[in-house]
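In: whatever this is, show me its structure:
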Amino acid sequence: MGTIYYGGSSTPIQIEDRALAHLKVVIATKLRRGESFTLSWRHPEDQPRGRSTLWLHPSIPLRFVFDDPEPTLLSREWIEELANSANSSGGIMLVAEHFDTQAIPTAEQ
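Out: Modelled structure (predicted):
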């Protein structure tokens with residue numbers, strides 16, 4: 001289980017490592033361009049029912065922490081799906097991965 005630390009919040013956000021690796025690519029791309037956007041997700045089964053949304057801005061500190069020390073192979077299709085949602089007025093909606101056969105090897109997450 002990976003973790004996002006955002007701004008001065010003392011509450012870390014837990015997201016599965018593989019999903020976090022894909023989000024990191026899309027989030028880093030948007031922030032590098034100086035773009036602000038939202039990130040939304042449904043709460044996991046082990047948390048109270050509901051959903052959350054963050055407003056992501058380039059000036060707010062952001063840190064990704066992965067439990068797995070090895071980088072994962074990235075799915076081009078999943079990155080494109082997340083990027084498309086990032087460019088919509090609703091922002092990134094974390095959705096489940098649709099498995100494809102075109103994995104993108106990465107030296108670093």
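In: so R63 makes contact with I4?
Out: Yes: the criterion here is CB atoms under 8 Å, and R63 meets it with I4 at 7.3 Å. Where you see a C-beta, it was placed from the backbone N, CA and C, and this is true even at glycine.
In: of those two, who's got more company?
Out: Between R63 and I4, counting by other CB atoms under 10 Å, I4 is the more crowded of the two (20 against 9).
In: from what I see, that one and D17 are in contact.
Out: No: using CB under 8 Å, I4 makes no contact with D17, being 11.6 Å away.
In: name the helix or strand of the protein that has the lowest mean pLDDT.
Out: In the chain, the helix or strand scored least confidently by mean pLDDT, DSSP states H and E is strand 103-104, which has a mean of 52.
In: what helix or strand does the most centrally placed residue in the chain sit in?
Out: Geometric centre of the chain, nearest residue: L23, 2.5 Å, by CA atoms, centre = their mean. Assessed by DSSP states H and E, L23 sits inside helix 17-32.
In: now do that helix: which elements does it pack against?
Out: strand 2-6, strand 37-42, strand 51-56, strand 62-65, strand 74-75, helix 76-86, strand 92-93 (3 or more CB pairs under 8 Å, 6 or more residues apart in numbering; DSSP states H and E).
In: the residue lying closest to V25 once chain neighbours are set aside: how many residues sit nearby?
Out: Spatially, and ignoring its direct neighbours in sequence, V25 is nearest to I79 (5.5 Å; CB to CB, 6 or more residues apart in numbering). Per other CB under 10 Å, the neighbour tally for I79 reads 17.
In: try S36
Out: 13.
In: right, and it touches P58 too?
Out: Yes: using CB under 8 Å, S36 makes contact with P58 at a distance of 7.0 Å.
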